[in-house]
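**Student:** Could you work out the structure for the sequence below:
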Amino acid sequence: MNILVYAGDGTSRASVIHTVNSLRSLAGQYYDVMKIDAQGLLSEPWEESTSLLVIPGGRDLPYTRDLRGLANDRIRKYIQLGGRFFGICAGGYYGSDRIVFESGSALMEVRGSRELKLFPGECRGAVYPGFVYDSERGARAVGIELNEKALGQEQLGFRQTKVYFNGGGYFVDAEKYEGTQVLAWYMNEFGQIDSQRLTGNSKLKAAMVSCQIGQGLAILTGVHPEYDAAHMDPNNPDYGPEPNVVTKLTERENERRLFLRSVLCKMGINVASVPTLLHSLPAHPSVTGNSSVSESTMSNGFQELPRITPLYLASLHPYNIKKLTATLMGLANGQGIIKGSNDTFQLVPSPLHPIPDQQIDGFEKRTIYDDKGEDDADLLNAVCKSLVLCPDGPPPLTATPEFNIGQYFEALRSARGPNLEYTFGGSLLYGQVVTSTQTMLDKNFDISQQLPSGLVCNATIQVSGRGRGRNSWISPPGCLQFSMTLRYPIASSAFSNVPSVVFIQYLVALAVVESVCSMPGYEDIPLRLKWPNDIYAEAPLTHPSQANAQAQYGASRGKMIKIGGVLVNSNFGGSEFLLVIGCGVNATNPNPTTSINHLIRNHNQVHGTNLAPLSQETLLANILVKFEQFYEQFLYGTSMPPTPTEASNPQWQQQRQGQIGFKSFEEMYYRRWLHSDVAVTLSTLNPPRQVRIKGVTLDYGLLKTVALDDQGREIPGLEYRLQPDGNSFDMLKGLISQKL
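**Tutor:** Next comes the predicted model:
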């Protein structure tokens with residue numbers, strides 16, 4: 001399940017960073033914390049996999065402009081059906097029925113109604129004077145009094161604390177609205193409940209409220225419980241003389257974390273235990289002697305942006321590494337540097353040679369407020385990455401402690417068996433921490449076009465992982481993630497009967513499932529396929545994020561959990577496509593959803609078996625060999641690659657014509673997929689129409705559907721075919737919608 005943080009136009013960069021990192025600190029072991037923009041909220045099927053949507057601080061007016069209409073309708077419906085919403089500062093204003101901001105100010109006054117109307121009254125601010133856009137001049141460490149009973153945290157240990165404030169509002173007459181609870185009130189500088197500057201009947205200023213919306217819950221706040229003083233600049237003059245804002249917040253950091261934890265618990269979000277949380281408290285810069293702290297090193301309880309580590313290039317056969325070395329040296333300048341379209345690589349002759357530092361000068365010295373407009377992904381792409389050649393076999397395990405390359409090659413040999421002609425995965429480029437395996441191969445076409453078909457790049461952690469659409473993430477440990485180059489032929493006079501390349505994504509996803517389920521004893525591990533390229537698990541519900549999904553969407557549907565997916569990018573070159581196939585699957589990590597090994601353990605418990613868990617090395621080898629078997633059958637009609645003479649022989653091609661393509665995989669594919677005879681709604685029609693899924697076409701891999709009448713009967717001859725990349729298919733809601 002995901003926690004989505006809105007990062008569209010108008011959001012404060014600092015607020016987004018603090019929000020993302022605080023949520024990763026508290027809940028990152030259970031959820032993927034990801035950013036999303038307005039287009040994503042409008043067009044992507046995000047609701048089903050989202051446990052919490054957060055609108056952080058910034059400017060309310062751009063939110064109003066970009067999310068009006070359909071996006072707001074989807075957000076409110078998501079909450080009504082059991083979703084959770086957290087609106088912080090500008091997000092709190094935005095979630096209210098009405099907003100009044102800086103009344104009487106010629107430059108900053110904003111007032112009007114808002115569409116979400118989660119809080120049924122007015123949010124009025126700023127509570128304290130001095131606010132200036134894009135500045136810390138109005139920042140304060142404000143006191144708040146907590147409603148421990150409403151938070152469900154009577155044993156919190158404190159009733160008052162201080163948190164960051166900069167321009168937030170209060171929720172007028174909050175106590176009078178049904179379904180609304182006040183979670184915290186503002187206090188004045190004397191430590192008293194602040195009742196100044198009030199109008200209406202209320203005597204207290206509500207700093208944070210919770211609002212019951214249908215089956216869901218929205219929490220709106222005028223203060224910033226997500227701000228961690230350890231990642232603020234204590235030398236900023238806007239914070240005032242000592243004891244300044246940062247000092248005051250630092251003194252209450254323990255309480256801030258516990259308070260934010262209680263807010264997330266109120267929303268049913270699974271969070272770190274209190275001992276774990278308190279043990280991970282960071283040291284403040286004033287203690288360590290550092291005057292500023294980089295967002296790239298937010299450790300001590302935050303999921304930091306890890307340092308990029310060296311890449312190691314090794315091959316199963318020595319002659320392959322020699323050929324690769326010659327190819328790469330031909331691309332490098334005199335200093336051994338290869339400049340690609342997106343990345344720069346420094347060749348290192350062997351693991352025994354010194355490896356240069358891979359951090360950009362000054363990157364670690366930036367604070368959140370040193371924003372020059374660069375995105376972290378852009379900065380990391382600019383890092384010159386060390387590419388270590390391994391001519392004498394795999395590097396020592398001390399160089400790659402999270403992935404044993406030698407063990408992987410042994411597993412590859414074992415999985416191939418007598419198929420000595422197989423090549424996929426025979427050359428491996430591994431990095432413990434990389435930007436994105438997909439980006440490095442796909443966005444450096446000038447380099448990747450020189451690489452052999454079947455070269456695999458894998459990593460333990462990706463800090464800019466790529467998925468379909470706008471999806472990007474920091475991948476959790478235990479997720480097997482890899483990308484592979486594949487040269488796919490284009491139909492020609494010499495090779496005329498080439499199946500559609502669109503099926504490659506289907507075959508890779510099928511290979512992931514079959515690499516496990518075809519093993520003796522593992523046949524009943526509940527892995528399934530979701531069209532067009534996702535891998536799902538029919539898994540037991542083991543923690544609240546999954547239980548929420550079960551309650552929201554029904555018991556049987558709540559058990560279907562996404563654990564992997566496939567992404568295929570293509571470039572055209574001469575007589576072939578250069579494909580970069582990306583795949584990620586939860587292999588050993590039980591969170592944030594579940595994993596293959598978790599399914600195996602559960603199978604052992606239920607059935608009394610003793611199936612061994614799969615290492616990432618073994619799983620990767622099995623997937624690649626299974627995919628190569630499928631690929632050869634799909635392209636040539638045989639599980640063994642043809643000789644060059646056979647491949648160019650028209651008579652040989654004619655003999656294989658009935659055996660190539662996707663037809664030979666239909667039975668296996670449909671046995672694993674989730675959609676046979678499922679009724680869904682085709683919402684691109686006006687009015688929307690109910691259709692039943694019948695399969696995929698054998699020519700271009702389109703989804704075949706037949707229309708249903710009002711009684712749910714099929715209408716002969718009225719069929720619709722849908723492209724896999726032109727539609728968002730939300731299987732769990734029974735909805736197919738055209739992407740914008």
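
**Student:** Against Ala587, how distant is Leu599?
**Tutor:** Distance, Leu599 to Ala587, using C-beta to C-beta, to the nearest Å: 11 Å. C-beta: built from backbone N, CA, C; applies to glycine.

**Student:** List the residues that contact Gln54.
**Tutor:** Slight slip there: residue 54 is Val, not Gln. Under the criterion of C-beta atoms under 8 Å, 6 or more residues apart in numbering, the contact list for Val54 reads 3-6, 19, 23, 85-88, 91.

**Student:** can I get those residues in CSV with distance to Leu151?
**Tutor:** As requested, these are exported to CSV (distance: C-beta to C-beta, whole Å):
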residue, distance to Leu151
Ile3, 19
Leu4, 23
Val5, 22
Tyr6, 24
Thr19, 19
Leu23, 18
Phe85, 17
Phe86, 14
Gly87, 17
Ile88, 17
Gly91, 19
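
**Student:** Looking at those residues, which one is closest to Val263?
**Tutor:** Proximity of the contacts of Val54 to Val263 (C-beta to C-beta) peaks at Phe86, which lies at 7.7 Å.

**Student:** Closest one of the contacts of Val54 to Leu42?
**Tutor:** When the contacts of Val54 are ranked by distance to Leu42 (C-beta to C-beta), Tyr6 comes first, at 11.9 Å.

**Student:** So in terms of bridging, what pairs with that closest one?
**Tutor:** Ile36 (DSSP bridges).

**Student:** quick one: contacts for the closest residue to Leu264 other than its chain neighbours?
**Tutor:** Excluding the flanking residues, the one nearest Leu264 by C-beta to C-beta, 6 or more residues apart in numbering is Val271, at 5.1 Å. Residues in contact with Val271, defined by C-beta under 8 Å, 6+ apart, are 26-27, 30, 261, 264-265, 277.

**Student:** same question, Glu242
**Tutor:** Glu242 makes no contacts at all, as judged by C-beta under 8 Å, 6+ apart.

**Student:** For Lys248, see how far away it is.
**Tutor:** In this structure, Glu242 and Lys248 are separated by 10 Å, where distance is defined by C-beta to C-beta.

**Student:** Same check on Gly695?
**Tutor:** The separation that Gly695 has from Lys248, given C-beta to C-beta, amounts to 64 Å.

**Student:** Please say which of these two ends up with more neighbours.
**Tutor:** Comparing Gly695 with Lys248 by other C-beta atoms under 10 Å, the one with more neighbours is Lys248, at 20 against 17.

**Student:** The stretch 351-500 of the chain: helices as residue ranges?
**Tutor:** For the stretch 351-500 of the chain, the helices defined by DSSP state H, counting those that start in this stretch cover 376-381, 405-416, 437-442, 445-448.

**Student:** By mean pLDDT, point me to the weakest helix or strand of this structure.
**Tutor:** Within the chain, confidence by mean pLDDT, DSSP states H and E is lowest for helix 285-288 among all helices and strands, at a mean of 30.

**Student:** angle of whatever helix or strand comes next after that one against helix 405-416?
**Tutor:** Once helix 285-288 ends, the next helix or strand along the chain (criterion: DSSP states H and E) is strand 311-315. With axes from the mean of the first three to the mean of the last three C-alpha atoms, to 10 degrees defining the directions, strand 311-315 sits at 40 degrees from helix 405-416.

**Student:** Tell me the buried residues in the very next helix or strand once past strand 311-315?
**Tutor:** If you walk from strand 311-315 toward the C-terminus, the next helix or strand you reach (DSSP H and E) is helix 318-331. Applying a neighbour-count criterion of 16 or more other C-beta atoms under 10 Å, the buried positions in helix 318-331 are 320-321, 324-325, 328.

**Student:** With Met232 as the reference, measure out to the nearest residue in space to Glu251 that is not next to it in sequence.
**Tutor:** Leaving out its chain neighbours, the residue that sits closest to Glu251 by C-beta to C-beta, 6+ apart is Lys162, at 7.7 Å. Distance, Lys162 to Met232, by C-beta to C-beta: 14 Å.

**Student:** Those two: which has the busier surroundings?
**Tutor:** Here Lys162 and Met232 are compared on neighbour count by other C-beta under 10 Å; more neighbours surround Met232, at 27 against 20.

**Student:** Check what pLDDT that one gets.
**Tutor:** At Met232 the predicted local distance difference test score is 90.

**Student:** Helix or strand for the residue lying closest to it once chain neighbours are set aside, just tell me which one.
**Tutor:** Beyond its immediate neighbours in the sequence, the residue positioned closest to Met232 (C-beta to C-beta, 6+ apart) is Val246, lying 5.2 Å away. When secondary structure is defined using DSSP H and E, the element that contains Val246 is helix 245-251.

**Student:** just for the stretch 101-250 of the chain, where's the confidence low?
**Tutor:** Applying pLDDT under 70 to the stretch 101-250 of the chain flags the ranges 153-155, 189-203.

**Student:** re earlier: part of a strand, is the residue nearest to Glu251?
**Tutor:** Yes. Secondary structure of Lys162, determined by DSSP: H, G, I helix; E, B strand; the rest coil: located in a strand.

**Student:** ok, it - contacts?
**Tutor:** Residues counted as contacts of Lys162 (C-beta under 8 Å, 6+ apart) are 141-144, 248-249, 251-252, 255.

**Student:** May I ask which two of those are separated the most?
**Tutor:** With C-beta to C-beta as the measure, no two of the contacts of Lys162 lie farther apart than Ile144 and Glu251, at 14.7 Å.

**Student:** Between these two, tell me which one has more neighbours.
**Tutor:** Regarding Ile144 and Glu251, a neighbour count based on other C-beta under 10 Å identifies Ile144 as having more, with 25 against 15.

**Student:** so that one makes contact with Val223?
**Tutor:** Yes. Under the criterion of C-beta atoms under 8 Å, Ile144 makes contact with Val223 at 6.2 Å.

**Student:** what residue ranges in the stretch 451-600 of the chain score low on pLDDT?
**Tutor:** Within the stretch 451-600 of the chain, the set of residues satisfying pLDDT under 70 comprises 465-476, 491-496, 539-558, 590, 592.

**Student:** at 90 what do you get?
**Tutor:** Filtered on pLDDT under 90, the stretch 451-600 of the chain yields the residue ranges 461-478, 489-498, 532-533, 538-562, 571-577, 589-594.

**Student:** Identify the residue spatially nearest to Asn586, adjacent ones excluded.
**Tutor:** For Asn586, ignoring the flanking residues on the chain, the nearest one in space by C-beta to C-beta, 6+ apart is Ser595 at 3.9 Å.

**Student:** Identify the residues contacting the one you found.
**Tutor:** Listed by C-beta under 8 Å, 6+ apart, the contact partners of Ser595 are 478, 563, 586-589.

**Student:** ok, now with 6 Å
**Tutor:** Residues near Ser595 by C-beta atoms under 6 Å, 6 or more residues apart in numbering: 586-589.
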